[in-house]
Each structure stands twice: as structure tokens, then as C-alpha cells.
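Trainee: Sequence and predicted structure are below.
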Amino acid sequence: MTKKIFSGVQPTGNLHLGNYLGAIKNFVKLGNDSNNDCIYCVVDLHAITVKQDPRLLTENIRETVATFVASGIDPEKNIIFNQSRVSAHAEAAWIFSCVARMGWLSRMTQFKEKAGKDKEKASVGLYSYPVLMAADILLYDATHVPVGEDQKQHLELSRDIAQKFNNDFDQDNFLKIPEPLIQKEFSRIMSLRDGTKKMSKSEVSDLSRINLTDNKDSIILKIKKAKTDPLPLPNNVTELENRAEAKNLLSIYSSLNETSLENSVKEFAGKNFSEFKEVLIQVLVDKIEPISLEINKLMSNQEYLDKILDLGYEKANDLASKKVNRLKEIVGFY
Ligand code: AMP
Ligand code: TRP
């Protein structure tokens with residue numbers, strides 16, 4: 001059966017190793033399998049739930065497209081587009097915001113984290129963000145949604161919205177219930193400065209993450225400065241508990257090498273961090289530097305990036321406008 005894949009990435013700059021290993025690497029794999037129809041969306045409507053500099057946002061939309069392509073997503077075989085151009089997303093999001101319940105949204109942990117202490121000052125959009133995400137997914141009848149672990153709760157909300165809509169309007173199976181595709185291992189890459197915190201675009205210290213635009217020297221510097229602990233590397237995986245930094249660095253190494261954490265632990269058992277870091281740097285430079293160079297090259301070819309988005313818009317708009325028209329009919333609009 002053909003899998004319909006949909007996923008999105010926010011164009012908020014600093015796409016990093018966590019985005020790559022948790023999501024984009026999987027997008028590439030799924031996109032290269034001819035059994036799948038894949039749609040990858042630059043979710044610019046989501047980006048403005050927090051303040052953005054308009055000029056930088058435009059630049060970041062292009063950079064996200066460049067990152068997709070540089071990572072290996074083929075823009076001819078897959079649909080790459082930006083969300084704001086396809087008006088069906090905003091329309092469907094409104095309808096779904098009348099289906100979703102306040103109680104469901106108030107349980108979303110990402111809102112709590114992003115809004116911080118002063119919830120009163122958070123935008124309404126930041127609160128209803130997962131409803132727009134449900135619209136993204138449900139408009140394309142996506143069957144599978146590849147994301148990092150942090151998006152699991154939002155995916156569950158999309159499923160709840162689809163089910164409630166189908167029930168409320170007696171539309172058996174009109175909205176398809178999407179399955180999350182979350183990698184069992186390495187779906188949460190942690191900060192290089194604090195192994196208990198997620199690697200994140202918004203972390204102030206650039207040393208906390210490897211950006212996909214980092215050059216070789218920055219990669220070397222960041223790994224050399226990455227936090228460790230005083231012990232040598234352990235002999236088995238259980239001993240990694242309570243050693244968050246060691247576990248994270250070994251996970252990064254394993255994920256890049258497509259091997260298990262157990263294998264990597266075996267490889268470096270008893271060695272000290274400096275020896276391990278040398279090997280890790282080599283793997284990172286081999287995998288990330290070509291992507292970074294390609295992003296740079298693509299960013300100087302704006303015309304090509306814009307063409308990808310034009311083509312993606314045509315295809316996505318065609319699919320989404322049909323679905324949203326049907327959605328409006330079901331609700332009773334005419
Ligand atoms: P975002 O940058 O928030 O739009 O996230 C894009 C994708 O990257 C989503 O699927 C996230 O779940 C994933 N992601 C973001 N940060 C991490 C991380 N530190 N580890 C693994 N996946 C991540
Ligand atoms: N919320 C996702 C994130 O921050 C991005 C996103 C928006 C998304 N719409 C989506 C992911 C639809 C998957 C499917 O990472």
C-alpha cells in the first residue's frame with residue numbers, strides 16, 4: 001500500500017543535528033522509497049506564533065528548502081512547499097479549532113514550555129498551534145507522519161480531531177487517522193552543553209548544537225567543547241544511565257553510523273572521551289560538512305529555490321483545495 005507521508009519543519013533558523021537525526025534523515029529515506037508519496041512542508045504559519053523578523057523569515061524559508069534538498073530530498077519526486085501559500089491550511093485550521101476542545105489543548109506540554117512563566121503574554125497562535133498542525137496533516141490524508149519525539153503529543157491531538165470530526169459529522173473515514181513515525185532510538189538529541197536538555201534552535205549558546213550550516217572548524221570546536229564527565233566510557237548500556245552527556249554523544253555517533261547504541265558502547269568501552277571525540281568528529285565532518293557546503297551553494301541560487309517552492313505550491317494547492325472544499329461542504333458552508 002502507498003504510504004502518504006507528511007511532515008513539517010519551522011523556518012526559524014539554525015536547523016541542527018537534532019532536526020537532522022530526529023526528522024530530516026528519515027524524510028530522506030522515506031522520500032527515496034518509491035512506495036511512498038511524500039510531502040515536506042516549510043511551516044511558516046507556525047513560525048510566526050513567536051515574533052519573527054520578516055526579512056529573516058523570508059531568508060529562513062529559503063534556507064529550510066535548501067536544507068531539505070542538501071540533505072537528499074529530491075524536489076522532483078517529493079512535494080516541497082511553504083504552508084502560507086496554500087490558504088486551505090488556515091481555513092481548515094479554523095474549522096478544526098471549533099472541533100478541538102480547550103481541555104485537549106491545555107494539556108499540551110510544548111505550549112507550557114514555550115510560553116514559560118508569563119502565559120498571558122503568549123500569542124493565541126502559540127496556544128492553537130497544534131490545531132494548525134492537524135490541518136496540515138489531515139488536508140493531505142497523510143497516513144504517516146515522521147517527527148521527533150517532542151511532537152508525539154501534537155500527533156495524538158491530530159488523531160483526536162480527526163476522530164471527533166468524523167463522528168460529529170457522521171463521516172466515516174473522511175479524515176484519515178494519521179500514524180506517528182517516531183524512531184525508536186535517537187529521536188531526541190540533547191544539547192552538547194547539558195545532556196538533560198533537548199538540542200534546540202532557540203538555545204542561546206551556539207555551542208549547544210551542531211548547526212547544519214556549520215563548517216568543519218565549528219564542528220571540531222563544538223565537539224571538543226562538548227560537556228563530558230570524568231569517567232572513561234562504560235562497558236555496557238545500563239551504565240550510561242545517569243551519564244546523560246556520554247549517552248548523548250554515543251547516541252549521535254550511533255545514529256550517524258546507522259548502528260545500535262550497544263555496538264557503539266562496545267566499540268569505545270573503557271576508552272577516554274578525548275579518543276572517542278576524535279572519531280566522533282570525523283564521522284560528523286564526513287556527514288555534516290557536505291550538507292553544509294551544499295546549503296551554501298543552494299542559497300546562492302535563489303531562483304532555483306523559488307522554483308522548487310512554485311512547483312510545490314501547485315501540487316500541494318491542488319490536493320489541499322479539493323479536501324478543504326469537501327470539508328466546508330460537510331460543515332454546511334456553501
Ligand atoms: P522544528 O524545528 O521544531 O520545526 O522541528 C522539526 C523536526 O525536528 C520535528 O520533527 C522535531 O520533532 C524534530 N526535532 C527538533 N529538535 C529535535 C531534537 N533535539 N532531537 C530530535 N528531533 C528533534
Ligand atoms: N510542530 C512541528 C514542529 O515544531 C512542525 C509541524 C507543523 C509539523 N506541522 C506539521 C510536523 C505537520 C509534522 C506534521 O516540529
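Mentor: Here it is on my side, so go on. Worth saying up front: this structure is predicted, and the values here are computed from it rather than measured. Ligands and ions are numbered 1, 2, ... in the order given.
Trainee: check contacts around Ile177.
Mentor: Contacts for Ile177 were tallied using C-beta atoms under 8 Å, 6 or more residues apart in numbering; they are 159, 162-163. In short, each C-beta sits where N, CA and C put it, glycine included.
Trainee: Going by distance to ligand 2, which of these wins?
Mentor: Of all these, ligand 2 sits closest to Arg159, with 12.2 Å by C-beta to the nearest ligand atom.
Trainee: hmm, back to that, I'd like to know which of the contacts of Ile177 are buried.
Mentor: Neighbour counting by 16 or more other C-beta atoms under 10 Å classes 159, 162 among those as buried.
Trainee: The helix ranked longest in the chain: which residues count as buried?
Mentor: In the chain, with assignment by DSSP state H, the single longest helix is helix 302-331. Residues of helix 302-331 classed as buried by neighbour count (16+ other C-beta under 10 Å): 305, 308-309, 312-313, 316, 319-320, 323-324, 327, 330.
Trainee: Do you have the strands of the stretch 1-150 of the chain handy? List them.
Mentor: With strands called from DSSP state E, counting those that start in this stretch, the stretch 1-150 of the chain shows them at 3-9, 36-42, 79-82, 144-146.
Trainee: of all these, which lies closest to Leu207?
Mentor: For Leu207, the closest of the strands of the stretch 1-150 of the chain is strand 3-9, at 22.7 Å, according to C-beta to C-beta.
Trainee: for that closest one, packing partners?
Mentor: With contacts taken as 3 or more C-beta pairs under 8 Å, 6 or more residues apart in numbering; DSSP states H and E, strand 3-9 sits against helix 25-31, strand 36-42, helix 124-139, strand 144-146.
Trainee: Which ones among the contacts of Ile177 lie within helices?
Mentor: Filtering these for helices - DSSP H - leaves 159, 162-163.
Trainee: Intersect those with the contacts of ligand 2.
Mentor: Contacts with ligand 2 within those, counted by C-beta under 6 Å from any ligand atom: none were found.
Trainee: Quick check: residues of the stretch 151-300 of the chain near ligand 1?
Mentor: 151, 187-189, 198-199, 201.
Trainee: Can you pick out the most distant pair from the residues you listed?
Mentor: So, these by C-beta to C-beta: farthest apart are Ser187 and Lys201, at 16.9 Å.
Trainee: Between the two, which has more neighbouring residues?
Mentor: The neighbour count for Ser187 versus Lys201, taken as other C-beta atoms under 10 Å, is higher for Ser187 (21 against 14).
Trainee: Against which helices or strands is the helix or strand of the chain with the lowest mean pLDDT packed?
Mentor: One helix or strand of the chain scores below all others by mean pLDDT, DSSP states H and E: helix 109-115, with a mean of 93. Where contact means 3+ C-beta pairs under 8 Å, 6+ apart, helix 109-115 is packed against helix 124-139, helix 152-168.
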